[in-house]
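[1] below are the sequence and a predicted model for it; my questions follow.
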Amino acid sequence: MSVARPQDIACRELVEILTEFLDGALDEHSRTQVEQHLVLCSGCAEYLRQFRATIGVTRRLSEQDLPEQMKESLLDAFRHWRHGS
Amino acid sequence: MPSATGDTGAEQPMRAWKFLGVGRVAPFGGHTWPAPGAAGPGAWVRFPGREVFACRPDDLPWWIGPELWEIELEGPIRALETQVAASAGRLVRQVHGWDAATLRAFGVACAERARNLAVEALGRDGRVEEAESLARARSMLELSRVARDCAGDARTRLSANLAGYVAESSMRASQGLAAAAANIAANAAVLAHGDPAVFSRARSWQARWIAEHAGLDLLPAAAV
C-alpha cells in the first residue's frame, strides 16, 4: 500500500483537541493524526501522560475532600471565567 | 491463520503486530494489555464502541514503541492506511528481538540513511570537505553537530535543507527518539528525490529493517 506523507498537526493543535481525543469524540482521521503526532513528539506524549494522571487523581476526589477555602477560590475562579474577566 | 496484509474486511482471525509501552501499556489508551501465559495467548481485549488497532509489517515504522508484540485480531477487520482495526485482539507473544538496543539502532540506521543523501548532495555541490566530514562523523551527536554546521554553510537550498534534516534526525537518534528520527529521515528522502512518493518507499525500507532486526516471523504473504 502506498502511503502519503502525513499532514502532521502542531503541538498547539493537539493541546486544543486533547480532551475530545480522550473522550473518543474525534473522527478517525483526526484521531489517527493525534496518535501519529504522539508517537513522534515526546513532549506531547508526556503532556498526555500528565493529563491522564490528573484525571485519575481528580476522579478519586469527592466534594468533601476539598477544603472550604479551596472550594471558594475555585468557585470564584469559575464565576470570573464565566463572566469573561 | 491468514497474513495481516491485504485482508480488508477479513472475518477470520488475523496475525499482526502491536507496539506497546514498557509493561504492555497501550501508548494512547493507557491501559495494560493482558499478558500471554504458559497456556497460550492473553485474554481477549475489546472496548465498548471502540476498535483494537495493530500493524501490518509495512505499518510498523509509523507506530514505533518500546515493546513489540505479536497480536491475534478477531474479525471483522478493517484495513486502514497505516494500521488495521479489529473488534478484539489478544497478545500472542512478545517479539524479544525488539528491545531498547534495537529501538536505538533503528533510529541510528534511519539517520545514517539521511546522512548518505546529504553526503551525496554536498558532493554534487563540490563541497567535498564538508561531505567527507559528514561521512566521517562517528556518533549521532557528532553527526548532528557537523550536519548543523553544513546546513549553516551550504550554498544551495537542497543541500542546506538536507543537512538540516540530518542534524535533526541524528539528534533525535542520539536521544533514543527513534520514531522521530525515522520520520525526519523519510522526509529527507522526499526532499533529496523531489518526489512525495519516496516517503512511502522510505517507510518500506524502515519496515524491512524492523522485520529483519527484530526477527519477525513473517508469513510469505506478509513479507515486506
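    Looks like it arrived, so ask away.
[2] quick one: mean pLDDT for stretch B:116-128?
    Mean per-residue pLDDT for stretch B:116-128: 91.
[3] biggest helix in chain B by residues?
    Ranked by number of residues, the top helix in chain B under DSSP state H is helix B:100-124.
[4] who in chain B is up against chain A?
    Selection of chain B residues close to chain A by C-beta under 8 Å from any C-beta of the partner chain yields B:27-28, B:30, B:49-50, B:58, B:62-65, B:79-83, B:177, B:179-180, B:183, B:186-187, B:190, B:196-197, B:199-200, B:203. Where C-beta positions appear, they are placed from N, C-alpha and C, glycine not excepted.
[5] filter those down to just the ones in strands.
    B:Ala79 (DSSP state E).
[6] show me which of the residues of chain B next to chain A are buried.
    For the residues of chain B next to chain A, a burial check counting by 16 or more other C-beta atoms under 10 Å in any protein chain shown picks out B:27-28, B:58, B:62-65, B:79-80, B:82-83, B:177, B:179-180, B:183, B:186-187, B:190, B:199-200, B:203.
[7] just the ones of these in helices?
    Using DSSP H, those in helices are B:Ala179, B:Ala180, B:Asn183, B:Ala186, B:Asn187, B:Val190, B:Phe199, B:Ser200, B:Arg203.
[8] report the two of the residues you listed separated the most.
    Maximum pairwise distance in these, criterion C-beta to C-beta, is 18.6 Å, between B:Ala180 and B:Ser200.
[9] low-confidence stretches in chain B?
    B:1-11, B:153-155, B:218-224 (pLDDT under 70).
[10] centroid residue for it?
    B:Pro61 (2.1 Å; C-alpha atoms, centre = their mean).
[11] does it touch B:Ala180 like I think?
    No. Counting by C-beta atoms under 8 Å, B:Pro61 stays clear of B:Ala180, with 11.5 Å between them.
[12] can you count the residues close to B:Leu68?
    25 (other C-beta atoms under 10 Å in any protein chain shown).
[13] how about it, what does it touch?
    B:Trp17, B:Lys18, B:Phe19, B:Leu20, B:Leu60, B:Gln94, B:Val95, B:Trp98, B:Ala214 (C-beta atoms under 8 Å, 6 or more residues apart in numbering or on different chains).
[14] let's see that with 10 Å instead.
    By C-beta atoms under 10 Å, 6 or more residues apart in numbering or on different chains, B:Leu68 lies in contact with B:17-20, B:55, B:60, B:94-99, B:102-103, B:210, B:214, B:216.
[15] care to break chain B down by domain?
    B:14-95+B:216-222, B:101-193 (automatic domain parsing).
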